[in-house]
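J.: here's my sequence, what's the structure:
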Amino acid sequence: MTSKICFVMTDAVSFNLLYRDQLEYLRDQADIDITLICGGSPEQLATLRARNIGQVVDLDFQRQPSVLKDGKALVRLSAYMLSHRFDVVIYITPKAMLLGSIASAMTRQKRRIAFSVGRPYENFLGIKKRVFQGFDVLSFALSHEVLFVSKSLRSVCLKEGLVNKNKARVIDQGSFSGIDVKRLAPVLLEHKKALRQKYQLPIDAFVICVVGRVCTDKGFADIGAIAQKLKEKNIHFIFAGDLEDTLGESVVETIVKDNKGVYLPTSMDVHEVFQCADLHLFLSHREGFGNVAIEAASCAIPTFAYDVVGVKDSVNDGVSGRKFALKDISAVTEAIAHAADDAHFKTRYPQARDWAMAHFERQQLWDDYLDFYLSNVDHRDQQRRVNI
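T.: Reported below is the predicted structural model:
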């Protein structure tokens with residue numbers, strides 16, 4: 001019998017990036033009818049529809065908070081769910097999680113799953129943090145089960161009393177999408193040199209890649225300070241990601257103008273960014289998991305990162321890289337300087353790829369997510385792969 005699954009996200013771009021290839025895989029592996037509810041630009045919605053995954057429902061969700069617009073979105077979502085019955089409803093991303101949990105509970109959907117992929121309020125303080133925690137408490141309470149994208153994210157939510165332990169789950173070792181180990185693979189030296197020529201990077205430089213959104217939350221003030229301290233060394237940066245705030249943009253512009261780096265908008269060839277580098281720098285102040293770290297590891301490129309929620313799971317200290325105390329710029333700078341001068345640095349993390357492949361290969365992870373989503377429908381053995 002066909003199972004009806006509904007995914008709710010705030011913006012179509014999240015389906016197109018986070019769920020790239022995964023939804024197609026789920027569609028092809030089981031007898032399921034998929035509905036995707038979101039908002040987003042006409043271009044992103046058109047891209048999502050062109051993927052032919054299932055029905056795409058545009059309810060005009062807005063990414064920026066607005067009591068009036070979010071209230072209208074909740075009414076539209078509740079009305080839609082009132083006239084549609086699903087076997088499973090999964091709501092992902094913070095706003096979609098709040099609206100989706102309320103609407104699906106009000107309409108008494110059969111099985112409701114909150115999927116927490118990160119906390120934008122991780123470093124907030126005082127009343128502001130408690131308000132956002134309250135939204136999560138409500139979403140989790142209205143859900144039958146709560147998935148967390150990493151064990152450390154689950155742990156902090158349990159510690160803060162936001163979720164019932166019996167509801168809280170992590171699939172396998174965490175990660176939302178896993179890694180394509182064939183595409184994200186090490187390359188020979190000649191290929192690495194060719195990639196550096198392609199991206200206009202010096203062949204003999206120590207190249208650091210920074211992959212992901214260019215903004216304050218991703219540690220770009222720290223990256224700017226580190227780049228300034230290392231200015232006299234033969235170290236170059238390659239940035240790949242969308243420019244999201246003026247601080248991040250200013251840091252990247254300064255490094256590029258100093259002829260110490262290059263910038264690429266988000267690219268489908270992100271694997272090449274890792275492959276042409278010697279080190280992946282990941283100084284995010286908060287993460288749900290930090291998939292870029294395991295992508296780098298799959299390419300045999302180590303990651304230097306802050307030891308924060310999410311990154312605790314995606315960087316294996318001493319195996320796939322190093323973790324540092326949050327905002328310990330001096331320690332990170334010293335470690336990078338030492339790495340750049342170390343003729344044997346490329347051989348310091350020989351187990352990085354094997355570790356990434358063993359824990360985060362994407363097809364295995366996708367199979368396990370599908371098992372979990374359908375566990376109450378076709379009686380598959382969910383306990384086989386779910387960490388409780």
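J.: may I have the secondary structure class of the residue lying farthest from the centre of the chain?
T.: Of all residues in the chain, Glu232 has its C-alpha farthest from the mean position, at 33.5 Å, by C-alpha atoms, centre = their mean. Three-state call for Glu232 (DSSP: H, G, I helix; E, B strand; the rest coil): coil.
J.: ok, now how distant is it from Phe206?
T.: Separation of Glu232 from Phe206 (C-beta to C-beta, to the nearest Å): 13 Å. To be clear about C-beta, it is placed using only N, CA and C from the backbone, and glycine gets the same treatment.
J.: picking that back up, let's see the pLDDT reported for the residue farthest from the centre of the chain.
T.: For Glu232, the pLDDT comes out at 95.
J.: what is the subsequent helix or strand relative to the strand or helix carrying Lys323?
T.: Element membership for Lys323 (DSSP states H and E) is strand 321-324. Sequence-wise, the next helix or strand downstream of strand 321-324 (DSSP H and E) is helix 329-341.
J.: just checking, next helix/strand downstream of that following helix?
T.: Past helix 329-341, the next helix or strand by DSSP H and E is helix 352-360.
J.: check which helices and strands that next one is in contact with.
T.: When contacts are defined as 3 or more C-beta pairs under 8 Å, 6 or more residues apart in numbering; DSSP states H and E, helix 352-360 packs onto helix 291-298.
J.: got the angle for the helix it packs on vs helix 352-360?
T.: 130 degrees (axes from the mean of the first three to the mean of the last three C-alpha atoms, to 10 degrees).
J.: what's the helix or strand just after helix 291-298 in contact with?
T.: Going down the chain from helix 291-298, the next helix or strand is strand 303-306, by DSSP H and E. With contact meaning C-beta atoms under 8 Å, 6 or more residues apart in numbering, strand 303-306 is reached by 219, 279-285, 290, 292-293, 296-297, 311, 314-315, 320-328, 332, 335-336, 339.
J.: tell me which other helices or strands the next helix or strand after strand 303-306 touches.
T.: Using DSSP H and E, the helix or strand that follows strand 303-306 in sequence is helix 311-314. Packed against helix 311-314 by the contact rule (3+ C-beta pairs under 8 Å, 6+ apart) you find helix 151-159, helix 291-298, strand 303-306.
J.: dump helix 311-314 to CSV, keeping only the CA atoms.
T.: Only the C-alpha atoms of helix 311-314 are listed here, as CSV (Å, rounded to 0.1, in the frame of the first residue of the first chain):
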residue,chain,number,x,y,z
VAL,A,311,31.0,20.0,15.0
LYS,A,312,31.7,17.7,18.0
ASP,A,313,30.2,15.0,15.8
SER,A,314,31.6,16.0,12.4
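J.: what mean pLDDT does it have?
T.: Here the average pLDDT along helix 311-314 is 97.
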